[in-house]
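need a 3D model of the sequence below.
(one chain, ligands or ions: 1)
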Amino acid sequence: LMENQIRHHLVLIPPPFHGHLTPMLQLASILHSKGFSITIAHTYFNSPNPSNYPNFNFLPYFDGLSNTQITSKNFIDITSTLNTKCVSPLKETLVHYIAKLANEKHEKIACIIYDGLLHFIDSVAKELKIPSIVFRTTSATNFLTYHACAQLQSKGYLPLQDSKSCDLVPELDLLRFKDLPIFNLPNPDDFLQNSAKTLSITPFGVIFNTVDSLEDSSLNQLQQLYKVNIFPIGPLHMIADDSNNSQSILRENHNCISWLNNKARKSVLYVSLGSIASWEEKELTEVACGLANSKQNFLWVIRPETVKDVSAWLQSLSEDVKVGIAERGCVVKWAPQGEVLAHEAVGGFWSHCGWNSTLESLCEGVPIICQPSFGDQRVNTRLLSHVWKVGLEWCNVILRDEIERVVRRLMVNQEGEEMRQRASELKHEIRLAVNGSSCDALDGLVKCILSVNV
Ligand code: UDX
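Have a look, this model is predicted:
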């Protein structure tokens, strides 16, 4: 695109969380393929591995996180520390970097693209007089709920009453009060304060990892509210040439692919709660029994921090459950999820409905049992079950009988078969967008960045 011209340099700044780093790195590789030079500015905590990304520059900045915070894995606390303590460290790091780029490469930073969680970067970019664009790694609908929560607060609806939990939220298509991220939160005020800061969008616009046709009504609503460019560019993992794009926190277990190779078409349920959510040990036993009793094949991700010693725990299960797992199950610490969902043996996904998992599943036509736990996950569940009709919203009661029932609903019953059919239609629709609406939005983004840098 820009051969023989000066290369414009982009600095992308993700927060150190797996579900956010992955899409930011995918966006980076897409923009690199459009001719931009790329630098990833990152914290020391959970830093990406530069050797996986030979085309990018990496720029660490002081993150101010204590060891206690790092081990606590309290993501809200970590985000808030980054937002308060990193203003000067990031600014100083960038000032040096700007000078270095100018001297060594005759390049300048055309734009900073930062994750919406790190709202402090807005002021850093302004001080340095560099245009900036926000990247939101969750759905457009989820972003609208932040807006709605602020409105509800100003209209005196908060705290939300349990009796109203199933009522529809005024001005939000199809979402109920209980789907809002604020519902049942112990500290709604903290949430509101934080989300208020992320609500302001930079004048140059906002990028979403989404597909226009999946969220057209929310995207239109956002366009009415914010008169800025909105770029729905997704699913990023499909657009990015991600052959060398593995941003895994844990080593992926590839034996599970050989295990899948020996299973019948659409016969396996893939079970995983992403990189943060997990079951308590007591629930884990219920899940094991429910899965075994369902008599379906299952590939189950149990991350190491979920239970101290997985093998010892598996040994402690009752004999019939052990036999069930041995005959029909495969348990791993971390799976190559993209490959798993694309495998023809996989016919269903039991998920926490993080946005990345949601998009990855939709792209492969795999319907979902939804077990949301926090943040945007209830919103995604509502979209999956009520709007796109490819997800089962169940009671989320982690008891073996409930689990056995819901697994059979998805994997055996007609209801599940119909959802699989819908999911496969949606898969084609989404894949069309990669060379359609998302491709157009990407071109729009490139033009926008170049036009503010003439
Ligand atoms: C977090 C939030 O929890 C989520 O709600 C938000 O939308 C994004 O940030 P996370 O919980 O990790 O993310 O979930 P998700 O967005 O689904 O991302 C998980 C990623 O890990 C996916 O890209 C998935 O492919 C990958 N994964 C998960 C693996 O590669 N292997 C596994 O075994 C499990």
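
element containing the residue of the stretch 1-150 of the chain found nearest the ligand?
Residue of the stretch 1-150 of the chain nearest the ligand, by C-beta to the nearest ligand atom: Gly19 (2.3 Å). (Glycine included, C-beta is placed from N, CA and C.) Following DSSP states H and E, the helix or strand that holds Gly19 is helix 18-33.

show me the contact partners of whichever helix or strand comes after that helix.
Note on helix 18-33: by DSSP H and E, the next helix or strand toward the C-terminus is strand 37-42. By C-beta atoms under 8 Å, 6 or more residues apart in numbering, the surrounding residues in contact with strand 37-42 are 7-14, 16, 24-25, 28-29, 31-32, 48, 53, 55-61, 90, 93-94, 97, 105, 107.

and if you look at stretch 215-231?
Outside stretch 215-231, the residues touching it (C-beta under 8 Å, 6+ apart) are 139-141, 143-144, 147, 173, 201-208, 210, 212, 232, 383, 441-442, 444-445, 448.

what comes up buried for it?
Across stretch 215-231, burial judged by 16 or more other C-beta atoms under 10 Å covers 215, 218-219, 221-222, 226, 228-231.

tell me which entries of the residues you listed lie within helices.
218-219, 221-222 (DSSP state H).

excluding its backbone neighbours, what's nearest Asn297?
Sequence neighbours aside, Val268 is the residue nearest to Asn297 in space, at 4.3 Å (criterion: C-beta to C-beta, 6 or more residues apart in numbering).

what about the one you found, how many residues close to it?
27 (other C-beta atoms under 10 Å).

what does the chain put close to the ligand?
Residues of the chain that fall close to the ligand, judged by C-beta under 6 Å from any ligand atom: 17-20, 22, 137-138, 272, 274-277, 301, 334-335, 337-338, 354-357, 360, 375-377.

inside helices: which ones of the contacts of stretch 215-231?
Reading helices off those with DSSP H, I get 140-141, 143-144, 147, 441-442, 444-445, 448.

setting the sequence-adjacent residues aside, check what's closest to the residue of the stretch 251-400 of the chain found nearest the ligand.
For the stretch 251-400 of the chain and the ligand, the shortest gap (C-beta to the nearest ligand atom) falls at Gly354, measuring 2.3 Å. The shortest distance from Gly354 to any non-neighbouring residue, by C-beta to C-beta, 6+ apart, is to Gly274 (4.3 Å).

on the three-state scheme, the one you found is what?
For Gly274, the assignment made with DSSP: H, G, I helix; E, B strand; the rest coil gives coil.

report pLDDT for it.
Per-residue pLDDT puts Gly274 at 96.

swap in the one 3 residues further on?
Reading off the confidence values, Ala277 has pLDDT 93.

count the neighbours of it for me.
19.

which residues sit in contact with it?
Ala277 touches 352, 354, 373-374, 377, counting by C-beta under 8 Å, 6+ apart.

burial measure for the residue of the stretch 1-150 of the chain closest to the ligand, as a count.
Using other C-beta under 10 Å: Gly19 sits among 19 other residues.

where along the stretch 351-454 of the chain do the helices fall?
For the stretch 351-454 of the chain, the helices defined by DSSP state H, counting those that start in this stretch occupy 355-363, 377-382, 400-411, 414-434, 437-451.

worst-scoring helix or strand of the chain, pLDDT-wise?
helix 188-199 (a mean of 84; mean pLDDT, DSSP states H and E).

packing partners for that helix?
Helices and strands touching helix 188-199, by 3 or more C-beta pairs under 8 Å, 6 or more residues apart in numbering; DSSP states H and E, are helix 75-85, helix 140-154.

okay, the angle between the last one and helix 188-199?
Here the directions of helix 140-154 and helix 188-199 differ by 120 degrees (axes from the mean of the first three to the mean of the last three C-alpha atoms, to 10 degrees).

next, the buried residues of helix 140-154.
140-149, 152-153.

repeat for the shortest one
Buried positions in helix 75-85, judged by neighbour count with 16+ other C-beta under 10 Å: 75, 78-79, 81-83.

dump those residues into TSV; add pLDDT as well.
TSV is the format used below for those (pLDDT from 0 to 100):
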residue	pLDDT
Phe75	87
Ile78	94
Thr79	94
Thr81	94
Leu82	96
Asn83	95
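
contact partners of stretch 111-120?
Residues outside stretch 111-120 that contact it (C-beta under 8 Å, 6+ apart): 8, 10-15, 20, 24, 27, 79, 82-84, 86-87, 90, 121-122, 124-125, 130-137, 143, 197-198, 200, 204, 206-207, 449, 452-453.

could you turn the buried ones of the residues you listed into a PyMOL selection?
This is how PyMOL selects the buried members of those, with burial counted by 16+ other C-beta under 10 Å:
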select buried, resi 8+10+11+12+13+14+15+20+24+27+79+82+83+86+87+90+121+122+124+125+130+131+132+133+134+135+136+137+143+198+204+206+207+449
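
in the stretch 251-400 of the chain, which spans are strands?
All strands of the stretch 251-400 of the chain, identified by DSSP state E, counting those that start in this stretch, fall at 268-272, 297-301, 329-332, 346-351, 368-370, 391-393.

quick check: mean pLDDT across the fourth one?
To tie it back to what came earlier, the one meant is strand 346-351. 98.

what residues sit buried inside it?
346-351.

and what of stretch 371-382?
Applying 16+ other C-beta under 10 Å to stretch 371-382 flags 371-373, 375-382 as buried.

and it, how far apart are its ends?
11 Å (C-alpha to C-alpha, to the nearest Å).

and the contacts of stretch 21-32?
10, 12-15, 38, 40, 46, 48, 53, 55-56, 113, 115, 135, 137, 207, 209, 233, 236-237, 239-242, 245, 247, 356, 442, 446.

just the ones of those in helices?
Per DSSP H, the contacts of stretch 21-32 map to helices at 236-237, 239, 356, 442, 446.

buried only: go through these for me.
236-237, 239, 356, 442, 446.

let me have the residues you listed in CSV, extended by pLDDT.
Shown next, in CSV, are those (pLDDT from 0 to 100):
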residue, pLDDT
Leu236, 97
His237, 96
Ile239, 96
Asn356, 98
Leu442, 98
Val446, 97
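
now do the contacts for Arg265.
Per C-beta under 8 Å, 6+ apart, neighbours of Arg265: 344-345, 347.

export stretch 171-179 to CSV, keeping only CA atoms.
What follows is stretch 171-179, C-alpha atoms only, in CSV (Å, rounded to 0.1, in the frame of the first residue of the first chain):
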residue,chain,number,x,y,z
GLU,A,171,-33.3,2.0,25.2
LEU,A,172,-31.3,-1.2,25.0
ASP,A,173,-32.4,-3.7,22.4
LEU,A,174,-33.4,-7.0,24.0
LEU,A,175,-31.1,-6.8,27.1
ARG,A,176,-32.6,-7.3,30.6
PHE,A,177,-31.5,-5.6,33.7
LYS,A,178,-29.8,-8.9,34.9
ASP,A,179,-27.7,-8.9,31.7
